[in-house]
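Undergrad: Need coordinates for the following:
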Amino acid sequence: MSRTNQSLKKDKRHTKTELPAAEQLLIQQFLDQFWLDKGVSSNTLSAYGTDLHKLAEFLQSQASDFKQLDTQLLNHYLAWRVDQGFSPRSTSRALSSLRRFYRHLHKSGQLAQNPLASVLNPKIGRALPKTLSEQDVEALLEAPQIDDLIQFRDKVMLEILYAAGLRVSELVGLTLQQINLRQGLVRITGKGQKERLVPLGENAVEWLDKFLHQGRGLLLTSQSSIVFPSLRGQPMTRQTFWHRIKLYAKQAGIQVDLSPHTLRHAFATHLLNHGADLRVVQLLLGHNDLSTTQIYTHVAQARLKTLHQQHHPRG
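TA: All right, here's what the predicted structure looks like:
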């Protein structure tokens, strides 16, 4: 099964209407081409597939289809999203998906005109990311009981997540080949297959070394390169670990409404608060555009590993 087929299969679980075969084929062909052109992640493909399924279902309810979309139908669809309670940010993202999809249909000769060619995304304010204080992070990292094997694993995962500012999906997919304990570095392949090297800091290296020698082997049921196996010895899903994070946050008495990226935001915010250069944080996070990182704040100066060791509160 191809990556796009897998993404579409996931999306069907969230749709109540079975799409006509012709509509499903158009979506699949687009996602295949999108993956070939951009090398995007399965999560991105799934999000695009979901957006296109929602539009296809709406058009089906209007006795229409993708190729019959016009300005009037698009406006009806956007009004329907408002009635359904979708946020402006969600609709803006959906419009980006639809714009790329219809550009593909037009460019491939399947549509004479692109109905979204002149449609602009609504301007929306950029929300500040939810983050944690350094005291909250310390409480969260201390919540797991390390005499329990699973909680020991979770403790090390939380340490790595905060020390390196990883996405949860990057953490659960981490393999032994990506880690160099001697140099204290981890090699991450992020969005768009872009690689970055991130220092871990002494504290995280110590915990990771301890887990690799004293805990990981007890969880494995077969030979595997995955760093953090589940209780069944398999790679963990990001949803599973996200639930673990929320459990420890509750135990630690943290009142902030967490998101899967909260520790990543805390990583960036705390580095900047301790004097790290904005461009260094951009490199550590793997952001293509500095403006994405500027949402945290504007600061100044210096170099990657040295800054991480000097300024990260647990470096």
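Undergrad: Going by C-alpha atoms from here, please, whenever you check contacts or count neighbours.
TA: OK.
Undergrad: how far is the helix or strand containing residue 50 from where the chain is centred?
TA: Per DSSP states H and E, residue 50 falls inside helix 42-61. When C-alpha coordinates are averaged (Cα atoms, centre = their mean, to the nearest Å), helix 42-61 and its chain have centres 18 Å apart.
Undergrad: For the next helix or strand after that helix, name the packing helices and strands.
TA: Counting by DSSP H and E, the next helix or strand C-terminal to helix 42-61 is helix 71-84. If contacts are counted by 3 or more Cα pairs under 8 Å, 6 or more residues apart in numbering; DSSP states H and E, helix 71-84 sits against helix 42-61.
Undergrad: repeat that for 6 Å
TA: Packing contacts for helix 71-84, counted by 3 or more Cα pairs under 6 Å, 6 or more residues apart in numbering; DSSP states H and E, involve no helix or strand.
Undergrad: between that helix and helix 42-61, how many degrees?
TA: 110 degrees (axes from the mean of the first three to the mean of the last three Cα atoms, to 10 degrees).
Undergrad: got the contact list for whichever helix or strand comes after helix 71-84?
TA: Using DSSP H and E, the helix or strand that follows helix 71-84 in sequence is helix 88-107. Contacting residues not belonging to helix 88-107 are listed as 48, 51, 111, 114, 116, 121 [Cα atoms under 6 Å, 6 or more residues apart in numbering].
Undergrad: ok now do the fourth one, which residues does it touch?
TA: With contact taken as Cα under 6 Å, 6+ apart, residue 114 is in contact with 102, 106.
Undergrad: run the last query once more with 8 Å
TA: By Cα atoms under 8 Å, 6 or more residues apart in numbering, the contact set of residue 114 is 102-103, 105-106.
Undergrad: Next, it: secondary structure please.
TA: Assigned by DSSP: H, G, I helix; E, B strand; the rest coil, the conformation of residue 114 is coil.
Undergrad: Now do the phi/psi pair for it.
TA: In terms of degrees, to the nearest 10, the main-chain angles of residue 114 are phi -90, psi 110.
Undergrad: Relative to residue 66, how far out is it?
TA: As judged by Cα to Cα, to the nearest Å, residue 114 and residue 66 stand 11 Å apart.
Undergrad: what does the third one give?
TA: When Cα to Cα is the yardstick, residue 111 and residue 66 sit 10 Å from each other.
Undergrad: likewise the second one?
TA: Residue 51 sits 13 Å away from residue 66 when distances are taken as Cα to Cα.
Undergrad: So residue 196 lies in a strand, does it not?
TA: Yes. Assessed by three-state DSSP, residue 196 belongs to a strand.
Undergrad: neighbours around it, how many?
TA: Neighbourhood size, residue 196 [other Cα atoms under 10 Å]: 15.
Undergrad: How about it, nearest residue that isn't a chain neighbour?
TA: Of all residues not flanking residue 196 in the chain, residue 188 sits nearest, at 5.3 Å (Cα to Cα, 6 or more residues apart in numbering).
Undergrad: So which of residue 111 and residue 66 has more stuff around it?
TA: Taking neighbours as other Cα under 10 Å, residue 111 and residue 66 compare with residue 66 leading, 20 against 16.
Undergrad: Just the pLDDT for the more buried one.
TA: Reported pLDDT at residue 66 in the predicted model: 94.
Undergrad: Then residue 80?
TA: pLDDT, residue 80: 85.
Undergrad: burial of it, as a residue count?
TA: The burial count assigned to residue 80 is 13, neighbours taken as other Cα under 10 Å.
Undergrad: now swap in residue 270 and tell me
TA: When neighbours are counted by other Cα under 10 Å, residue 270 comes out with 19.
Undergrad: Find out how far the helix or strand hosting it is from the centre of the chain, if you would.
TA: Using DSSP H and E, residue 270 sits in helix 262-273. Here helix 262-273 is found 16 Å from its chain centre; the criterion is Cα atoms, centre = their mean.
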